[in-house]
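Below are the sequence and a predicted model; questions follow.
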Amino acid sequence: MFVWKKYVYEVYKERSFTKAAQNLYISQPSLSARIKKIEEIIGEPLFDRSTTPLQLTEVGKVYIEAAEEITQIEQRVENYINDLAGLKTGNLAVGASTLFAAYVVPSLITQFNQKFPDVHIQLIEGNTAELEEMLGSNALDFVIDNYHYDSILYNKELYCEENILLAVPKHFAVNEELGMYQLPFIMLTQGNDTRTRGDRLCRNVGFKPNIVLEFNQQSTAYMASSTQLGATFISDILVSQLPTFENLVYYKLDGEEAKRKVFFYYKTHKYKTRVMEEFVRMMHEQI
């Protein structure tokens, strides 16, 4: 019914089939035939052809009002699509653990917003289980994590490789090569990947760590270590973002347990928006 609405509207505007046909670059018989076809579909005439100039019938008035509304909707959609293509609008939701939310993602968001200030980016902090659940329910577009997500359910973009360091207070005997066995350790709580890797690293060299404190966050454990309370396993990403302490010695550790990859994850079958594509491109450029 509205496929040829522009023809009806042009006749309405010009009040003449002849002038409308000229504006539309088609013959008058062809224009008349199309208008007639629409009227047959509707079952009522749109124009009163007995008047000069042409006048709309009551049905014609309703048709023109509807056609104008449809045109406005089409224009809004077209403008929105154009804005999306030019990233003049859009939304992005990124999930991250405390470490990445505090020290990695903000710089990416700042860089992105400098180039695309009209795109709204939401950063949501949580643990791995919470973030994976939100990603699976489409509440998030991306999650940055060093945990391995199901490769069938999620695609991934490599961000960087992370190394686990051992930060040890200078005055401890280990720094004089007297061994690690009596060192007090500040560890993360059970279930944290850094804690799991720290336990394995200790076990691989033949001892069980003497744990004096446990914390939920790496940054807290790191600050506690800087007060000389004990040694701690710490990500080199965190160390690179915070001040290094002169009263700590930093050891780079060998073995696969001391290395892990950081990825941006997104759902396998999720439509990757223009904003998502640009965010990934900018992330790779920063690296």
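It's in.

drop to CA atoms for contacts and neighbour counts, all remaining ones
Will do.

what residue ranges in the protein score low on pLDDT?
Applying pLDDT under 70 to the chain picks out residues 1, 4, 82-84, 173-181, 287.

residues contacting A67?
2, 5, 9 (C-alpha atoms under 8 Å, 6 or more residues apart in numbering).

The helix or strand encompassing E74: which residues count as buried?
According to DSSP states H and E, E74 maps onto helix 58-85. Within helix 58-85, the residues scored as buried using 16 or more other C-alpha atoms under 10 Å are 60, 63-64, 67, 80, 84.

How about the secondary structure of the residue of the chain positioned farthest from its centre?
Within the chain, S50 marks the point farthest from the mean C-alpha position, 60.7 Å out by C-alpha atoms, centre = their mean. Here S50 is recorded as coil under DSSP: H, G, I helix; E, B strand; the rest coil.

what are the phi and psi angles of it?
The phi/psi pair for S50 (degrees, to the nearest 10) reads phi -90, psi -10.

Quick check: it vs I38, distance?
The gap separating S50 from I38 is 19 Å, by C-alpha to C-alpha, to the nearest Å.

Then K156?
Taking C-alpha to C-alpha, one finds K156 at 52 Å from I38.

which residues of the stretch 1-150 of the chain fall in helices?
5-14, 17-24, 28-42, 58-85, 98-103, 105-115, 128-136 (DSSP state H, counting those that start in this stretch).

what residues does the fifth one touch?
For helix 98-103, the external contacting residues (C-alpha under 8 Å, 6+ apart) are 95, 123-127, 144-145, 217-219, 237-238, 241.

Give me the buried stretch members for it, please.
So helix 98-103, judged by 16+ other C-alpha under 10 Å, has buried residues 98-101.

quick check, nearest of those residues to Q28?
A101 (65.5 Å; C-alpha to C-alpha).
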